[in-house]
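K.L.:
Any chance you can model this:
(one chain, ligands or ions: 2)
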Amino acid sequence: MQYPIFPKECSSMLCKYLTPEVFDRLKDLKTANGFTLEQAINSGVQNIDSGIGVYAGDEESYELFAPLFDTIIEAYHGFGKEDKHQSNLNPNDLNAPNPDPEGNYIVSTRIRVGRNVDNMPLGTAISKEQRDQVESSVVEGLSRLKGELSGRYYPLLGMDKEAQDALIKDHFLFKEGDRFLDTAGLNRDWPAGRGIYHNNDKTFLVWVNEEDQLRIISMQKGGDIKEVFTRLVNAIKRIETRVPFSYNDHLGYITSCPTNLGTAMRASVHIAVPKLAKDMESFKAITDKYHLQIRGIHGEHSESEGGIYDISNRRRLGITEVEAVQDMADGVTALIAAEKALV
Ligand code: ADP
Ligand code: CIR
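P.N.:
Numbers count the residues shown, from 1 in each chain. Ligands and ions are numbered 1, 2, ... in the order given. Model (predicted):
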């Protein structure tokens with residue numbers, strides 16, 4: 001493989017940190033699962049508008065390709081090679097009263113974590129048989145959930161197009177054909193092995209074999225962040241009694257994309273701040289202060305509609321789950337105060 005040609009306008013972390021020296025050191029290496037540098041960087045090479053541009057094939061990728069991954073992890077999370085990750089899933093440590101009890105700004109709240117099965121390659125490097133095996137063991141574990149968490153699994157294979165599109169439009173299901181995931185090898189054998197589990201109210205959902213093998217999701221209308229977090233924590237604890245998750249003391253939960261390492265948690269609100277959004281500089285000053293990311297209404301790489309934005313914690317590694325949610329809760333409180341102050 002030759003050193004890739006990145007056009008001038010490319011500003012991804014991949015083109016910034018994959019120097020010719022780093023490339024030469026890593027280009028012939030392969031993990032035990034056969035995952036190569038070429039595979040790790042293909043998404044960012046093909047999609048020059050990537051923000052990051054790399055994916056791991058397995059836990060070992062983070063060690064073997066460390067000269068590339070470590071610089072990206074440091075730049076994204078501010079987390080160094082010697083740092084240790086700490087988890088805290090105790091909802092009692094969260095100070096997050098509803099920032100919008102009258103329901104004027106927050107449309108909905110969602111918190112998700114990514115998880116992958118221990119001793120399996122990640123979705124980028126997994127075989128069809130292994131993926132199917134992940135699906136059946138996860139579905140078996142989910143079938144034991146009780147009470148509010150009990151629900152049904154809907155495989156993508158055989159789901160009618162209308163039902164699938166409705167779930168996507170209503171923000172419950174992952175989209176199809178994402179070009180970043182495609183070029184990372186994450187959509188191979190689509191739609192086999194993929195699906196969604198949800199309870200009747202669609203307040204608890206699990207995506208199976210998308211970017212990560214599990215995306216465990218708690219969501220509901222309004223701004224009761226603590227209720228959403230509490231439901232999520234209960235679900236994580238139940239599921240991990242049946243499905244062993246990939247975790248280490250340095251990187252926390254292992255995920256395909258290095259931005260998701262650690263807590264693997266994204267806590268978001270859909271929030272209407274139309275006045276503030278007219279002044280993107282002030283909007284961004286607040287989101288930067290609280291380490292928040294702004295996304296559009298249909299998820300990553302989408303646009304806002306009607307002044308409604310998806311606001312979530314940006315940092316996931318080197319902070320606890322409680323701190324990640326706290327970033328979002330404090331930042332959203334500040335955004336609402338700023339919106340109220342505008343006439
Ligand atoms: P992820 O959360 O896995 O990083 P995306 O950014 O692609 O992935 O979002 C996945 C879906 O979740 C999208 O349909 C998005 O609109 C929806 N979503 C995210 N946050 C919220 C929220 N607070 N309320 C409702 N839907 C949400
Ligand atoms: C990119 O590099 O833009 C995609 N591979 C997605 C990266 C994940 N984005 C994020 O900010 N969490």
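
K.L.:
residues near the residue in the stretch 151-300 of the chain that ligand 1 sits nearest to, how many?
P.N.:
Of all residues in the stretch 151-300 of the chain, residue 299 sits closest to ligand 1, with a separation of 2.6 Å (C-beta to the nearest ligand atom). The C-beta positions use only the backbone N, C-alpha and C, and glycine is treated the same way. Neighbour count for residue 299, taken as other C-beta atoms under 10 Å: 14.

K.L.:
Surely it touches residue 178?
P.N.:
No - look at residue 299 against residue 178 with C-beta atoms under 8 Å: they stay out of range, at 9.2 Å.

K.L.:
ok, so what distance separates residue 231 from ligand 2?
P.N.:
23 Å (C-beta to the nearest ligand atom, to the nearest Å).

K.L.:
Equivalent analysis for residue 137, please.
P.N.:
27 Å.

K.L.:
what does residue 170 give?
P.N.:
When residue 170 is compared with ligand 2 (using C-beta to the nearest ligand atom), they lie 22 Å apart.

K.L.:
dump the residue contacts of that residue.
P.N.:
residue 202 (C-beta atoms under 8 Å, 6 or more residues apart in numbering).

K.L.:
re earlier: so the residue of the stretch 151-300 of the chain closest to ligand 1 versus residue 218, what's the distance?
P.N.:
Distance, residue 299 to residue 218, using C-beta to C-beta, to the nearest Å: 17 Å.

K.L.:
try residue 153
P.N.:
If you go by C-beta to C-beta, the gap between residue 153 and residue 218 works out to 17 Å.

K.L.:
for residue 303, same thing?
P.N.:
Counting by C-beta to C-beta, the gap from residue 303 to residue 218 is 25 Å.

K.L.:
So which elements touch the longest helix seen in the chain?
P.N.:
Counting by DSSP state H, the longest helix found in the chain is helix 321-341. Applying 3 or more C-beta pairs under 8 Å, 6 or more residues apart in numbering; DSSP states H and E, we find helix 321-341 packed against strand 106-115, helix 225-239, strand 265-272, helix 280-289, strand 292-295, strand 308-313.

K.L.:
now those in a markdown table, with mean pLDDT and mean neighbour count?
P.N.:
Listed next are those as a markdown table, based on pLDDT from 0 to 100; neighbours: other C-beta atoms under 10 Å:
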| stretch | mean pLDDT | mean neighbour count |
| --- | --- | --- |
| strand 106-115 | 98 | 24 |
| helix 225-239 | 98 | 20 |
| strand 265-272 | 98 | 25 |
| helix 280-289 | 97 | 14 |
| strand 292-295 | 96 | 19 |
| strand 308-313 | 97 | 24 |
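
K.L.:
how about these, which one is nearest residue 321?
P.N.:
If you check each of these against residue 321 by C-beta to C-beta, strand 265-272 wins as the nearest, at 5.3 Å.

K.L.:
Show me what that closest one is packed up against.
P.N.:
strand 106-115, helix 225-239, strand 308-313, helix 321-341.

K.L.:
Of these, which is nearest residue 264?
P.N.:
strand 106-115 (3.9 Å).

K.L.:
Would you give the sheet partners of that closest one, along with the direction of each?
P.N.:
Strand pairing for strand 106-115, determined by DSSP bridges: strand 214-221 (antiparallel), strand 265-272 (antiparallel).

K.L.:
Pipe the ones you listed into a markdown table and attach distance to ligand 2 per row.
P.N.:
What follows is the strands paired with strand 106-115, written out as a markdown table (distance: least, C-beta to the nearest ligand atom, whole Å):
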| stretch | distance to ligand 2 |
| --- | --- |
| strand 214-221 | 13 |
| strand 265-272 | 8 |
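
K.L.:
circling back to that earlier point, what is the rounded mean pLDDT of the longest helix of the chain?
P.N.:
In this model, helix 321-341 has an average pLDDT of 98.
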